[in-house]
Each structure stands twice: as C-alpha cells, then as structure tokens.
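Asks: sequence first, then the predicted structure:
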Amino acid sequence: MAGLPRADRCLVMGVLNVTPDSFSDGGRFLDADAAIAQGLALVAGGADIVDVGGESTRPGAEPVAPAEEARRVVPVVRALAAHGVAVSIDTMHAVTARAAVEAGAVLVNDVSGGLADPDMGATVAALDVEFVAMHWRAHSPLMDALDAYADVVVEVRDELAARVGALAAAGVDPDRIILDPGLGFSKVTESNWPLLARMGEWSGGARVLVGASRKRFLGAAIARAGHDEPAPDQRDHATTAVTTLAAQAGAWAVRVHNATAARDAIAVVSAWQAATETER
C-alpha cells in the first residue's frame, strides 16, 4: 500500500467518480472494474493520488446513504491500493471514511470540512491520516443560495480557521490538515477568483488543495459571445491554466480530471522556477 506522496512540486490528485450523476463524468465509472481501470489510467497519465468518491456533490445533487456510498467505493479503493496507488477517499461520512482507510486509503477528503458528520473529526483522529478540510456552507441543493460574502477571502479564512479549531479539538493534528477553498461550493462564479488570486491570505501557511477542474466558473470565464457556455469536458484548457497558476503560487496539490495535462503544466512550472533560481 502506497503512502501519501512527498514531492518538491505541486501534486496531481486525479478525480475518480464512482457515481451515476457527477457533473463531468457521471456514470462512466460506476462499475467497479471500469473505475479501477480509470484509476490506474490516471496514475499512468501522471496522477500522484487518486481521489475516489461515491457521492456527487454537484449543485442540486441528491444525497447518498453511507452504506451505498461504501458499497461503491470500497472495492475500488482496495484494488487500487493493492496496485500501490496512493488513494484518497472523497466523503462526508465518517463510516465511509473509516471503511475506505481500512481498505487502503491514505487521505480523507471531506468537502464539508467535518461539518456534515459530527463523528468525522474523532474518526479521522483515530485513523491517523491526512485530512482535507474544504470550505462548505450547505449541502448541494442549498449551496448556491449561500453565495453571499462581504469579503469572500476574509470569510473563507475565518470559516476554515473555525473548522481547523474544531477538528483539532476532536484530536486531529493541525499539521495533518490540508485546506481547500471550496471553489464552486457556495461560490457560483465571481466569488471563486479572489480565493485563487489571494491564496496566501486565507491559507495561513497550511497546505492547499485547489479543485477547479471543469467547474462552472471556468465555463463562465471562457464563454464567448453568441455561443453556449462550454460544457464541462470543454473546460480542460481553462483548468490547465488554473493548475499552472496554482502550482506557481505554491499549492500543495490540484484536483483534476485530466491528470496528464496537469502533470505537464506542473513540470513546466518547475522547470521555469528552477531556471529562475539558477539565474539568481
């Protein structure tokens, strides 16, 4: 079983949705064999971590019972871990997190930051794994209505700090917490950009995961007058631009659908930065 990678560059977390209804690739990898093959393909294409999720969190998505979520993801996690893949589990449910870690996952990625399940903090503390705490205000059916900020950077900073405090009180080592600004979650379009541009102001020096891949705000940014907004699978070039800028800004990892494009962008950033350091 692989541990969480350590690298001197931004890591690539590949998205693997074992769901029928995710916004970009819902249904393609619901079958366990198809999901396992896709996970291995993500690694072959450049992913350092494969993030396995069994519940869609797109706007308007319906909740999934933890038992069904675990049924979808645990066989996939177990198989990928057996192949030496570093696996993260994308879940808001403590019981699913525990089952996935017992099957080989090395990181818990909770889009609610522990808010959705009061048992998550203590569970992660007992499991002794890394934890991604994302900024979150409400479940999918309600989240767009909560895109209301006087200053999105300050409010996300303060709300994430509150989550870190609560998780630490539950026994989670703060040094094992990775912060995610929750792009697209209670942030429809314009609220996302300040969080990317001012990463250092809300992260407080913690490791940062950026999950912009194929999201609505990118479609809005690249939409052309007289044309429909680009579909999710037409937003990969915009995603790669964000990956490049996030890697340059020092993000710990990017969560993406196209691992090869992200890995190539990060390699270019690393080469550029190395040349810059040499010139000094």
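Replies: Yep, that arrived. Residues are numbered from 1 along each chain as shown.
Asks: what ranges do the helices span in the protein?
Replies: Counting by DSSP state H, the chain has helices at residues 32-44, 66-82, 94-103, 120-127, 140-143, 152-169, 192-197, 199-203, 216-222, 236-248, 259-279.
Asks: okay if I get these as TSV plus mean pLDDT and mean neighbour count?
Replies: In short, each C-beta sits where N, CA and C put it, glycine included. Listed next are those as TSV, based on pLDDT from 0 to 100; neighbours: other Cβ atoms under 10 Å:
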stretch	mean pLDDT	mean neighbour count
helix 32-44	95	18
helix 66-82	96	21
helix 94-103	98	23
helix 120-127	98	21
helix 140-143	90	16
helix 152-169	98	17
helix 192-197	98	18
helix 199-203	97	17
helix 216-222	96	18
helix 236-248	98	20
helix 259-279	93	16
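Asks: those: which one's closest to Ala7?
Replies: The closest of the helices of the chain to Ala7 is helix 259-279. By Cβ to Cβ, the value is 9.5 Å.
Asks: who touches that closest one?
Replies: With contact meaning Cβ atoms under 8 Å, 6 or more residues apart in numbering, helix 259-279 is reached by 9-10, 12, 14, 42-43, 45-47, 236, 239-240, 243-244, 247-248, 254, 256.
Asks: report the distance from that helix to the chain centre.
Replies: Distance of helix 259-279 from the chain centroid (Cα atoms, centre = their mean, to the nearest Å) equals 21 Å.
Asks: kindly report the same for stretch 186-195.
Replies: In this view, stretch 186-195 has its centroid 16 Å away from the chain centroid, taken as Cα atoms, centre = their mean.
Asks: with only the CA atoms kept, save it in CSV.
Replies: Extracted in CSV, the C-alpha atoms of stretch 186-195 (Å, rounded to 0.1, in the frame of the first residue of the first chain):
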residue,chain,number,x,y,z
SER,A,186,-21.5,28.4,-2.3
LYS,A,187,-19.4,30.3,-4.9
VAL,A,188,-21.1,30.3,-8.3
THR,A,189,-18.8,32.4,-10.5
GLU,A,190,-17.0,35.6,-9.4
SER,A,191,-16.6,34.6,-5.7
ASN,A,192,-14.1,32.0,-6.8
TRP,A,193,-11.4,34.2,-8.3
PRO,A,194,-10.3,36.2,-5.2
LEU,A,195,-9.7,32.8,-3.5
